[in-house]
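Asker: Prediction below, plus the sequence it came from.
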Amino acid sequence: MRFDVITLFPELFAPFLVSGVTRRAYESKQVEVVLWNPRDYAAGNYKRVDDRPFGGGPGMVMMAEPLSACLDAVLAARGDAPAPVPVVLFSPIGAKLDHAAVEQWSAAAGAVLICGRYEGIDQRFIDARVTHQVSLGDFVLSGGEIPAMALLDAVARLQPGVLGDEASHVQDSFNPALDGLLDCPHYTRPEQWQGRPVPAPLVSGHHAQIERWRRDQSLGLTAARRPELIEAARAAGRLNKADEALLKKKL
């Protein structure tokens with residue numbers, strides 16, 4: 001898959017693409033990332049990409065024409081495709097990025113990611129060229145680069161061979177394999193740390209006890225922190241009698 005990222009700060013992506021386990025996805029081109037700077041497509045000696053907002057107010061607004069010209073170059077470089085490539089803008093009004101959305105993106109052919117800056121982007125460009133808007137949550141960032149990296153990282157780690165163990169992402173929070181619940185706590189050596197032992201079931205060697213402990217911890221943590229996920233799992237018929245008994249005990 002290929003992601004073309006339109007950003008005024010392509011240098012921010014350099015360390016991200018060569019660091020950590022997900023670099024395997026970028027180096028192998030399982031997730032190809034191509035960076036584009038709209039300033040390269042701006043007119044005039046100063047290559048201006050922003051201007052003052054009509055109606056007054058603070059800050060500057062990214063201009064439509066440099067972004068549109070840059071996007072045209074991206075689409076030409078991608079060539080013909082069976083279906084139009086999604087053009088994604090990271091925006092507070094977008095659909096919140098969640099595990100289900102990440103799974104969809106990880107199975108797709110890629111997208112063009114637009115990283116806005118300043119007070120925003122000329123709405124005419126958004127209306128004419130953007131097909132999807134995505135948000136990380138109910139807060140505002142200085143630009144779309146961090147959300148773009150978040151999407152790329154989440155997609156990259158789902159690609160075959162990227163993680164050291166293929167089962168790693170299956171046990172992640174929100175994964176359908178965990179019935180959409182939060183993951184359980186994890187422990188490693190030593191068995192005692194500052195007077196705190198590892199929970200007994202995890203060192204028992206009894207696989208059924210271990211799995212039940214992990215399930216109970218996942219249920220309890222989800223009920224305490226994200227009860228709406230419990231209701232979603234219940235509505236989907238994903239909770240068994242032992243799960244319900246544990247939840248009833250927690251109440």
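Answerer: Thanks, I have it.
Asker: Can you show me the helices along the stretch 151-251 of the chain?
Answerer: 207-225, 227-235, 241-250 (DSSP state H, counting those that start in this stretch).
Asker: Kindly reformat these as CSV containing distance to residue 197.
Answerer: Yep, even glycine has a C-beta here, placed from its N, CA and C like the rest. As requested, the helices of the stretch 151-251 of the chain are exported to CSV (distance: least, C-beta to C-beta, whole Å):
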stretch, distance to residue 197
helix 207-225, 14
helix 227-235, 29
helix 241-250, 22
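Asker: who wins for proximity to residue 180 among those helices?
Answerer: Ranking the helices of the stretch 151-251 of the chain by distance to residue 180, with C-beta to C-beta as the measure, places helix 227-235 first at 5.5 Å.
Asker: Which strands or helices does the closest one pack on?
Answerer: helix 207-225 (3 or more C-beta pairs under 8 Å, 6 or more residues apart in numbering; DSSP states H and E).
Asker: Recalculate using a threshold of 10 Å.
Answerer: helix 207-225, helix 241-250 (3 or more C-beta pairs under 10 Å, 6 or more residues apart in numbering; DSSP states H and E).
Asker: ok so, going back, tell me the most buried of the helices of the stretch 151-251 of the chain?
Answerer: helix 207-225 (a mean of 16; mean count of other C-beta atoms under 10 Å).
Asker: quick one: that one to helix 227-235, angle?
Answerer: 120 degrees (axes from the mean of the first three to the mean of the last three C-alpha atoms, to 10 degrees).
Asker: Mind giving me the packing neighbours of helix 207-225?
Answerer: For helix 207-225, the contact count by 3+ C-beta pairs under 10 Å, 6+ apart identifies helix 227-235, helix 241-250 as packing neighbours.
Asker: returning to that earlier point: same list (the helices and strands packed on helix 227-235) but as a markdown table, adding mean pLDDT and distance to residue 28.
Answerer: Below are the helices and strands packed on helix 227-235 laid out as a markdown table (pLDDT from 0 to 100; distance: least, C-beta to C-beta, whole Å):
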| stretch | mean pLDDT | distance to residue 28 |
| --- | --- | --- |
| helix 207-225 | 96 | 32 |
| helix 241-250 | 93 | 39 |
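Asker: Distance to residue 69 for the ones you listed - can I get that in JSON lines?
Answerer: JSON lines is the format used below for these (distance: least, C-beta to C-beta, whole Å):
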{"stretch": "helix 207-225", "distance to residue 69": "46"}
{"stretch": "helix 241-250", "distance to residue 69": "55"}
